[in-house]
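Undergrad: from the sequence below, what's the structure:
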Amino acid sequence: MPTTTSSPPALEWSVDNCTLGRAMAILGERWTVVVLREVFLGVRRFDDIRRHAGMPRQVLTNRLATLVNQGLLHRVPYRDEGSRTRHEYRLTDKGIELQPILLAISQWGDRHLADPQGPPTAFAHRDCEEPVHVEIRCAAGHRLDDPSEVATRPGPGVRPFTEPQARERARR
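TA: Purely as a prediction, here's the structure:
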C-alpha cells in the first residue's frame, strides 16, 4: 500500500527574511572565510594576509572592504619608519562572535578532511591549554550529540510563504 507523506511545515514559511541566508550572503564565499581565518590567527596586514593566504590582490581588497562595511573588521592605521600610513585589520566584537562558527567548521573539517597525520591546527583554552571543541546545548543544559535531536520551529519573525512569492521564485 503506498504511503503518502505530508509536506514539511517549513514550506509554509517565507525565506525572504532568513537570517542564515543573510549571513551566508556575507560569509559564504571561500576567500571571505580565509580572510577571517588569517585575522583570527593574528595576521592583520594586507601584504601579510595576501602572502600567507595566497590571495590575489584585488580579491583581498574586495573581501576586506566587505568585512569592514559589514562591521566584522575595522581598520587601524600604522606606519613603518619611512613608509606611508597603512592599515591593519582587526576584528570587531561582531567579528569575534564568529569564532564558534569557524571553530565548528574546523572541527567538522578535522573529522572529515584532515590529512592522515591529523589536522594542521589545534585550538586550546588559553588558561589551561586543554583542547577546545564546539558542542550544542539546549537552554536547559542538555548536550545534543545527534543533529537529529534539533527541531526547527517558526521564530518570532516568521512570515507566511505566499503564492506571489512562489511565482516570483519560479520566474528567476
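Undergrad: can you list the domains in the protein?
TA: Domain assignment of the chain by automatic domain parsing yields the ranges 16-97, 99-172.
Undergrad: for residue 67, which non-adjacent residue is closest in space?
TA: residue 73 (4.3 Å; Cβ to Cβ, 6 or more residues apart in numbering). In this view, the C-beta of every residue, glycine as well, is placed from N, C-alpha and C.
Undergrad: thinking again about what came up before, for the domains of the chain, which one sits closest to residue 5?
TA: Nearest of the domains of the chain to residue 5, taken as Cβ to Cβ: domain 99-172 at 17.3 Å.
Undergrad: distance between the ends of the closest one?
TA: Domain 99-172 has an end-to-end distance of 35 Å (criterion: Cα to Cα, to the nearest Å).
Undergrad: distance from the chain centre to stretch 102-113, please.
TA: Distance, stretch centre to chain centre, for stretch 102-113: 12 Å (Cα atoms, centre = their mean, to the nearest Å).
Undergrad: list the buried residues in that stretch.
TA: Within stretch 102-113, the residues that count as buried by 16 or more other Cβ atoms under 10 Å are 102, 106, 107, 110.
Undergrad: ok, stretch 147-166 next?
TA: Buried residues in stretch 147-166, defined by neighbour count with 16+ other Cβ under 10 Å: residue 161.
Undergrad: how far off centre is it?
TA: The gap between where stretch 147-166 is centred and where its chain is centred comes out at 21 Å by Cα atoms, centre = their mean.
Undergrad: repeat that for stretch 86-95.
TA: Using Cα atoms, centre = their mean, the offset of stretch 86-95 from its chain centre is 16 Å.
Undergrad: no further questions, thank you.
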